[in-house]
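J.: predicted structure and sequence below. I'll ask about it afterward.
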Amino acid sequence: MVGLLEQRLGLVLFERRANGLALTAAGTAYRTGLTPIFAELARLTEQIAGISGAQELTVGVGPTFAIRWLIPRLADFRREAPDVDVRITTGGAAAPFAEGWTCGIQLGRGPWPGLAAEPLFSADLLPVCSAGLAARLIVPADLGAATLLRVAHAPDDWPSWLAAAYLPGVEARGPLFEFYGQALQAATDGVGVALGIRPYIDDDLATGRLVAPFSLTVPKGMGWYLIFRDARRREPAFVAFRNWIERTARATAPGINAPGINAPGINAPGINAPVSSASAV
């Protein structure tokens, strides 16, 4: 097969060696040109398979979003669309949109060139901790004596919230974690106060695993979006998932379990403001 191709091109694509084949300069150039063609062929094949009714769904999503929001609700989607073969792969903030994905869930501001984007959730920031630690946090200034847990890729989170709470003298210097999920687990275990991001914290707040000692929420300046290629818009598996996740996002109530939510001594504007809707951007 390779020999016939070389004969047709009039070029040597591979150098034959005792231990195998190695690409020549012409072979390397040919491979570089073929790569996007094969990628487009794969995309077109998946698109045609979708039109023919194939029920396969690959969702690119960050690990923390998957663990803390999507996977706990996946059984509900499976009951609604039992014929869809769901595949969850690493994506979101952790990786760019991949050719093989049906769709992705991304935290950002957009736009994403070549992709359609539809808003799912706001990304609001809210301090959370264990119930035992929350009982010692009467006013926001008490955070000055607390361990404030940080996330490496979100260095502006605590400064934004502390500025909104009028606490210029408080600085986050606690343990540094790679992911939000790790910081939230540490907060659950009583290590300190994490700055949670919606919707990661909603289930924990609803069950009491985490408590919000203060009600001030600060927009992160980004939103959660469902992103996809427009060519997939009518694929049956994607239509089912899109309808489900957008309806579920609208129904997600942010409810707060917050002792001290109306604590005396909190005079900063907005400190007791209502929590933003989870479906807003």
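T.: Nice, thanks for sending it over.

J.: surely Asp230 touches Glu118?
T.: No: counting by Cβ atoms under 8 Å, Asp230 sits too far from Glu118 to count as a contact (11.4 Å). In this view, the C-beta of every residue, glycine as well, is placed from N, C-alpha and C.

J.: more crowded one of these two?
T.: Neighbour totals were compared for Asp230 and Glu118, and Glu118 leads with 14 against 9 (other Cβ atoms under 10 Å).

J.: wait, a strand at that one?
T.: Yes: using DSSP: H, G, I helix; E, B strand; the rest coil, the secondary structure at Glu118 is a strand.

J.: quick check, pLDDT for it.
T.: You'll see Glu118 listed with a pLDDT of 93.

J.: burial of the residue nearest to it when sequence neighbours are not counted, as a residue count?
T.: With Cβ to Cβ, 6 or more residues apart in numbering as the criterion, Glu118 has its nearest non-adjacent residue at 4.9 Å, and that residue is Leu226. The burial metric for Leu226, expressed as a neighbour count using other Cβ under 10 Å, is 20.

J.: can you pull the contacts of Leu226?
T.: Contacts for Leu226 were tallied using Cβ atoms under 8 Å, 6 or more residues apart in numbering; they are Cys103, Gly104, Ile105, Ala117, Glu118, Leu120, Arg242, Ile245, Glu246.

J.: adding distance to Arg73, write those out as JSON lines.
T.: Below are these laid out as JSON lines (distance: Cβ to Cβ, whole Å):
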{"residue": "Cys103", "distance to Arg73": "16"}
{"residue": "Gly104", "distance to Arg73": "17"}
{"residue": "Ile105", "distance to Arg73": "12"}
{"residue": "Ala117", "distance to Arg73": "21"}
{"residue": "Glu118", "distance to Arg73": "18"}
{"residue": "Leu120", "distance to Arg73": "12"}
{"residue": "Arg242", "distance to Arg73": "14"}
{"residue": "Ile245", "distance to Arg73": "9"}
{"residue": "Glu246", "distance to Arg73": "13"}
